[in-house]
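Q: how would this look folded up:
(one chain, ligands or ions: 1)
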Amino acid sequence: MLRGAPLFLLIIIHSLVPLTGAQSSKPNPARAWWKHIEYLASDELTGRETGSEGHRKAAQYIAAAFKRAGLKPAGTEGYFQPVKFISRKIVEEQSSLAIIRTPKGGSIGKEESIVLGEEATFSMGIEHAPRTEAPIVFVGYGLTVPENNYDDLAGLDLRGKVVLLLSGGPSEIPGPLRAHYQNTRWEALKRAGVIGVITIQNPIGQDIPWERSKLARLRAALSLAEPGLEENAGQQLAVTFNPAKAEKLFTDSGHSFAEIMKFAEAGKPLPRFRVPAVVRASVKFEKQIVESQNVAGILEGTESKLANEYVVLSAHLDHVGKGEPINGDSIYNGAMDNASGVATLIEAARVFGEKKQRFRRSVVFLAVTAEEHGLKGSRFYATHPTVPAANIAANINIDMFLPLFPFRSFIVQGLEESNLAEDLQRVAKSIGVEVLSDPEPERRAFVRSDQYSFIRQGVPAISLKVGFAKDSPEHDIVKRWRKERYHAPSDDLQQPIDFEAAAKFNAAYLKVVEAVANRGERPRWNSSSFFKRFARVNPRNGR
Ligand SMILES: [Zn+2]
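A: From the prediction side, this is the model:
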């Protein structure tokens, strides 16, 4: 899953007792699935970083599995669809960040440098200007949401300014809208004349502690090389600020970060004001072109009328590679994130192949690259599909479905948005599990994995996980997993997995695929769904 933002507490507790299949006396009911993970998340593949040798090996493994299963190649080069990226990597020792106080009527103060890593990091997904010096304006959440008549930018002169904002949004804006406009925030900021953004990570609903997330700052960030797909064109500065150090940004502004967080905790809109300071940044980075692969295969449909419609099953194959060691381990294996989802995809292809099972619609099996760099591989596929774009009828995504406790329910991201919910409900009923909405909408999960790339092209989509109720003991297990293992080297083969849950989830997944690929009518967005707007792109999904 795509990384959210950090917590400011450093809590790394290694108290989970490993209990793997090897130690259990019962045979592993998800053995075939686990075998794929054992390879994909092995140290040999060094964390499957996009563009790396480990990623290439993983892609080849998946292509070979698709071939064995009898899928037809559906890439542009056999099973592969190569994707080009611009890679940018900070040269931190030649970069700097500082603020200079500019009190009213007073003289310009002296430069106060910001400690990179401890206090802030440069986000390398944009083309930073070598130097930026500009006044700072605090714009609350920095959101413009026309549907709700909500505009954090209204009445502010932002031309040539760097805005300071808190990630997140007020509770008056419904979850999906809040999520979407956070993702596309730059559009409105750019229109307002903003040149750069300092984002304070909102400690509410964040997965990774700052102490851990800061370690990722020295890694290369990737953008799609195709200029039309560059989302933040024109932005010349992107800084992420540690919330535990953010108070200093509000000195002499008449406001404090503590006060801002009180509003945020109450779900309220935030005050907006000029900060009496200028930001001065100097950014040096290394840049190169990187190529990586999506992997795609097709199981052709059987019914003449429906076979030219496609259900895309997606799972990202990349992870974050090697990085700063934690407890002496520098390989971020990504066993759950997302070797587990790829293994589910491969196993589905194998089982359908062995049973010679086919469906009325065609099914595309798609393992995508560069999810961890901002859903880039799926964005490329969704905008350059290897089947006719207008004929993609649905997307079912699997990312880190976390079989850590018994499978008694599905969490379905996107449940409220389209009538794919009907298929889910039917399958769940038939196997005696419940269907739950996302219990943590504040995590924005519906727009944080690859289904979002399809949603933006008008395709009704869902993402599936092993379910848990809010504030249940299972929820605690998930929260602890995120804190300790999510995007850490310990998301590896030595972690407690509920193999029974994995096996049941995988079986349920087959039924969901079958239901969607065989349903009579093409899936539709609900008329109440915010995401229906994207059906403009692909009108056949919006009726
Ligand atoms: Zn991830």
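Q: what about dumping the CA coordinates of stretch 401-416 to CSV?
A: The C-alpha trace of stretch 401-416 is given here as CSV (Å, rounded to 0.1, in the frame of the first residue of the first chain):
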residue,chain,number,x,y,z
PHE,A,401,-5.2,-7.9,2.7
LEU,A,402,-3.7,-8.8,6.0
PRO,A,403,-4.8,-12.4,7.0
LEU,A,404,-3.7,-11.9,10.6
PHE,A,405,-6.8,-13.3,12.3
PRO,A,406,-9.8,-15.5,11.2
PHE,A,407,-11.6,-14.5,8.0
ARG,A,408,-15.1,-13.7,9.1
SER,A,409,-15.7,-10.6,7.0
PHE,A,410,-14.6,-8.6,4.0
ILE,A,411,-13.6,-5.0,4.2
VAL,A,412,-14.6,-3.6,0.9
GLN,A,413,-13.1,-0.2,-0.1
GLY,A,414,-15.6,1.4,-2.5
LEU,A,415,-18.6,-0.6,-1.2
GLU,A,416,-20.8,2.5,-1.2
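Q: Who are the packing partners of the longest strand along the chain?
A: In the chain, with assignment by DSSP state E, the single longest strand is strand 285-299. Applying 3 or more CB pairs under 8 Å, 6 or more residues apart in numbering; DSSP states H and E, we find strand 285-299 packed against helix 53-68, strand 72-73, strand 80-90, helix 340-354, strand 362-368, helix 376-383. In short, each C-beta sits where N, CA and C put it, glycine included.
Q: so what does the second one touch, helix or strand wise?
A: Counting contacts by 3+ CB pairs under 8 Å, 6+ apart, strand 72-73 packs against strand 285-299.
Q: Can you give the strand pairings for the strand it packs on, parallel or anti for each?
A: Strand 285-299 sits in its sheet next to strand 72-73 (antiparallel), strand 80-90 (antiparallel), strand 362-368 (antiparallel), going by DSSP bridges.
Q: Including distance to residue 422 and mean neighbour count, could these go into a markdown table?
A: Output for the strands paired with strand 285-299, formatted as a markdown table (distance: least, CB to CB, whole Å; neighbours: other CB atoms under 10 Å):
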| stretch | distance to residue 422 | mean neighbour count |
| --- | --- | --- |
| strand 72-73 | 29 | 16 |
| strand 80-90 | 32 | 20 |
| strand 362-368 | 19 | 28 |
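Q: Dump the ones you listed to a markdown table, plus distance to residue 339.
A: Converted to a markdown table, those look like this (distance: least, CB to CB, whole Å):
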| stretch | distance to residue 339 |
| --- | --- |
| strand 72-73 | 22 |
| strand 80-90 | 19 |
| strand 362-368 | 11 |
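Q: Would you mark the buried spots in stretch 225-244?
A: Using 16 or more other CB atoms under 10 Å as the test for burial, stretch 225-244 gives 225, 230-232, 235-244.
Q: Looking at the residues you listed, which are in strands?
A: 237-241.
Q: Now flag whichever of these is closest to residue 175.
A: residue 240 (22.6 Å; CB to CB).
Q: just checking, that closest one touches residue 202?
A: No: the criterion here is CB atoms under 8 Å, and residue 240 misses it with residue 202 at 11.2 Å.
Q: Spell out, range by range, the strands that occur in the stretch 51-200 of the chain.
A: Per DSSP state E, counting those that start in this stretch, the stretch 51-200 of the chain carries strands over the ranges 72-73, 80-90, 96-101, 111-113, 120-122, 131-138, 144-145, 150-151, 162-166, 196-200.
Q: for those, which one sits closest to residue 401?
A: strand 80-90 (24.3 Å).
Q: so for that closest one, what's the average pLDDT?
A: Averaging pLDDT along strand 80-90 gives 97.
Q: what angle separates it from helix 376-383?
A: Following axes from the mean of the first three to the mean of the last three CA atoms, to 10 degrees, one obtains 140 degrees for the angle between strand 80-90 and helix 376-383.
Q: now strand 80-90, how far from the centre of its chain.
A: Here strand 80-90 shows a centroid-to-chain-centroid distance of 17 Å under the convention CA atoms, centre = their mean, to the nearest Å.
Q: and what of stretch 256-276?
A: With CA atoms, centre = their mean, you get 26 Å for stretch 256-276.
Q: try stretch 62-77
A: Distance, centroid of stretch 62-77 to centroid of chain: 25 Å (CA atoms, centre = their mean).
Q: Number of residues surrounding the closest residue to residue 388 other than its chain neighbours?
A: Once flanking residues are discounted, residue 388 sits nearest to residue 308: 7.4 Å by CB to CB, 6 or more residues apart in numbering. Other residues near residue 308 come to 15 when the count uses other CB atoms under 10 Å.
Q: now swap in residue 470 and tell me
A: Neighbours around residue 470, by other CB under 10 Å: 9.
Q: Nearest residue to it in space, please, no chain neighbours.
A: Nearest one to residue 470, counting by CB to CB, 6+ apart, is residue 439 at 4.0 Å.
Q: residues touching residue 110, list them.
A: Residue 110 makes contact with residue 100, according to CB atoms under 8 Å, 6 or more residues apart in numbering.
Q: Then residue 405?
A: Residue 405 neighbours (CB under 8 Å, 6+ apart): 466, 468, 474, 477, 498, 501.
Q: What pLDDT is listed against it?
A: At residue 405, pLDDT is 98.
Q: so is it in a helix, a strand, or just coil?
A: coil (DSSP: H, G, I helix; E, B strand; the rest coil).
Q: quick one, phi/psi of it?
A: phi -160, psi 170 (degrees, to the nearest 10).
Q: got CSV for the strands of the stretch 51-200 of the chain, with distance to the ion too?
A: Formatted as CSV, these follow (distance: least, CB to the ion, whole Å):
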stretch, distance to the ion
strand 72-73, 27
strand 80-90, 17
strand 96-101, 27
strand 111-113, 32
strand 120-122, 18
strand 131-138, 30
strand 144-145, 27
strand 150-151, 30
strand 162-166, 23
strand 196-200, 19
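Q: can you redo the ones you listed as CSV with distance to residue 445?
A: Listed next are these as CSV, based on distance: least, CB to CB, whole Å:
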stretch, distance to residue 445
strand 72-73, 32
strand 80-90, 24
strand 96-101, 31
strand 111-113, 36
strand 120-122, 23
strand 131-138, 28
strand 144-145, 20
strand 150-151, 22
strand 162-166, 20
strand 196-200, 19
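Q: give the contact list for the closest residue in space to residue 321 that isn't next to it in sequence.
A: Using CB to CB, 6+ apart and skipping residues adjacent in sequence, the residue nearest residue 321 is residue 49, 2.6 Å away. By CB under 8 Å, 6+ apart, the contact list for residue 49 reads 55, 318-322.
Q: element containing whichever residue of the stretch 401-543 of the chain sits closest to the ion?
A: For the stretch 401-543 of the chain, the residue closest to the ion is residue 487, as judged by CB to the ion, at 5.8 Å. Counting by DSSP states H and E, no helix or strand carries residue 487.
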